[in-house]
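Asks: structure for this input, please:
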Amino acid sequence: MEQDSSIRIKDIMNAPIGIESGTTLDKVIDKLLTHRISRLIIYKEKKPIGMVSEKDILNYLYQEKLHTHINKVPINEIMHDIFFITSSSTIPEAAKFMIENRCSSIAVGSEENLLGIVTKTDITKYYAQRYHGKNQVAKKMSVNYFSALANDSIYDLIGTMLDLEISRMAIIYKTQKPVGIISTGDIFRTVLDIEANETTKKMLNLSREYENFWTRYGEFCSQPAEKIMSRGIIQVKENEDLANACQMILDKGINALLVEDSEGRLVGIIGKREILSALADLT
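Replies: Numbers count the residues shown, from 1 in each chain. A predicted model of the protein is given here:
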């Protein structure tokens, strides 16, 4: 299906969910979990002043080692600038804007009039609904994917993902056989679930001197990657319709699919980032 030129970014946006400036990290984490979302708009006196995502918090925890307890860290220390786009922008224009600014979500409108928010998931849904027959997976997949061994530690995996500025890695055995995939979101939601679980915290029976994040989660972070990877590899054939691959990503609630050729060999990866590129190419 050809692009519908009447569709604008405002037509696929969602109402933004936000939190007040100065809110501490523990409450931000709780809101992310409660609403099952990956980012929040930060408001000050009803004006949007920043945005915070799962990746922002993960990066902070990794870099700072969180020597201060999360109930004392204001979100202002972690938030980043909001990227705004006009409501009249087309979807391909928005996709190109997101790639150029290396952001996974954009705000529609302005600081004075925030209308909504659009994420890579929204863009992926749009492609799935409107571009059947436009591309095969092989034409848009990334052949340069990153992998880690199943016995690599989660801590090292996090460091690699942050250093390379990537959001997912294939998990392989020494035979190079893929056995799973891990995304930044997978790691983040796992540690947040631990943080949110009061029963777990009581079981740990921690004294005040052991309150920092990495002491509490040292055992978790030292575990091998295969402990938290998504098992039962979700793969797609390289000749599959890209719109169908998008629907698989949406249905499974994942960020990417591994791509295999007709002989079952791993040849690439296709994810929301590649969908952005496919749409940006239409500008």
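
Asks: so where's the stretch 51-200 of the chain uncertain?
Replies: Across the stretch 51-200 of the chain, the ranges flagged by pLDDT under 70 are 64-69, 175, 185, 188-189, 191-200.

Asks: would you map the strands across it?
Replies: 84-85, 105-109, 114-119, 147-149, 168-172, 178-183 (DSSP state E, counting those that start in this stretch).

Asks: the first one - contacts with which helices or strands?
Replies: Packing contacts for strand 84-85, counted by 3 or more Cβ pairs under 8 Å, 6 or more residues apart in numbering; DSSP states H and E, involve helix 91-100, strand 105-109. All C-beta spots, glycine's among them, are computed from the backbone N, C-alpha and C.

Asks: rewinding a little: could I get the strands of the stretch 51-200 of the chain as TSV with distance to Leu32 and mean neighbour count?
Replies: Converted to TSV, the strands of the stretch 51-200 of the chain look like this (distance: least, Cβ to Cβ, whole Å; neighbours: other Cβ atoms under 10 Å):
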stretch	distance to Leu32	mean neighbour count
strand 84-85	22	18
strand 105-109	13	22
strand 114-119	14	20
strand 147-149	25	18
strand 168-172	19	21
strand 178-183	15	22
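
Asks: would TSV of those strands with distance to Asn59 be doable?
Replies: What follows is these, written out as TSV (distance: least, Cβ to Cβ, whole Å):
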stretch	distance to Asn59
strand 84-85	23
strand 105-109	16
strand 114-119	18
strand 147-149	18
strand 168-172	15
strand 178-183	14
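
Asks: can I take it that Gly50 is in a helix?
Replies: No - Gly50 sits outside any helix when classified using DSSP: H, G, I helix; E, B strand; the rest coil, being strand.

Asks: now it: how far from Tyr43?
Replies: Gly50 is 9 Å from Tyr43, where distance means Cβ to Cβ, to the nearest Å.

Asks: which neighbours do those two have in common?
Replies: Common neighbours of Gly50 and Tyr43, using Cβ atoms under 8 Å, 6 or more residues apart in numbering, are Ser21.

Asks: re earlier: out of the helices and strands packed on strand 84-85, nearest to Ile19?
Replies: Between Ile19 and those, the tightest spacing by Cβ to Cβ is seen for strand 105-109, at 14.8 Å.

Asks: ok, back up a step: of the strands of the stretch 51-200 of the chain, give the one that comes closest to Lys96.
Replies: strand 84-85 (10.3 Å).
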